[in-house]
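1. for reference, the sequence and a predicted model appear below.
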Amino acid sequence: MSVRNTIAFLLFTVFISCSEEQEVKQPSLKEIQEALLEANIKATEMESQQIEAYIKQKELSVIATGTGLRYSIYHKGDQIIKGELGKRAVINYQVTLLNGDTCYSTGGKPEELLVGEDYAESGLHEAIQLMYQGDKAIVIIPSHLAHGLAGDLKKIPIRSTIVYDIELVQVK
């Protein structure tokens, strides 16, 4: 075999060995779960920073609950009748995103819901239980207590914090 043929053979061998498909290692279920957990932690931290920036910008004095909900009661009602699980709450509200875009509003026509049972954000149910009849509050609901990863598929985007300006008109 000539030197020329030897070089050609070696180049061909190297080319073939480099072009062969390499076996791709599939991540384990545990590795996938850890990666998703880490991504979720970072997203939650970022959302919390955005909420804190909103609070600072609006100069709100809020109380934070253990779930991450933040609220500020700016008008006190009767301080006698409290929103409770299983009771009917009649509410007026306007829902906005942190950027100020309005998503939903009762438009001054109160709506009624059964606290803890009707289909609504879990953060809204939690907020109503912190209020008394006649209270008005700003309630900041992080995405995990609102519409989560999917948004509401209408006006609330994925992973969105929502802000309720809410009045607890009546508790029945």
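-> Right, received. Where do you want to start? Since the structure is predicted, the reported quantities are computational estimates derived from the model, not experimental observations. Numbers count the residues shown, from 1 in each chain.
2. contact partners of stretch 108-115?
-> The contact list for stretch 108-115 (CB atoms under 8 Å, 6 or more residues apart in numbering) reads 83-93, 120, 124-125, 128-129, 169-170, 172. C-beta here means a position set from N, CA and C on the backbone, and glycine is covered the same way.
3. for the most centrally placed residue in the chain, what are its contacts?
-> For the chain, the residue sitting closest to the mean C-alpha position, by CA atoms, centre = their mean, is residue 143 at 1.2 Å. Under the criterion of CB under 8 Å, 6+ apart, the neighbours of residue 143 are 47, 149, 159, 160, 161.
4. and residue 130, by the same measure?
-> Applying CB under 8 Å, 6+ apart to residue 130 gives the contacts 65, 71, 83, 137.
5. repeat the analysis, applying 7 Å as the threshold.
-> Neighbour list for residue 130: residue 71 [criterion: CB atoms under 7 Å, 6 or more residues apart in numbering].
6. per-residue pLDDT, it?
-> pLDDT recorded at residue 130 is 98.
7. what kind of secondary structure is it in?
-> In terms of secondary structure, residue 130 is coil; the call rests on DSSP: H, G, I helix; E, B strand; the rest coil.
8. can you tell me which of the contacts of stretch 108-115 are in strands?
-> The members of the contacts of stretch 108-115 that map onto strands under DSSP state E are 88, 89, 90, 91, 92, 93, 169, 170.
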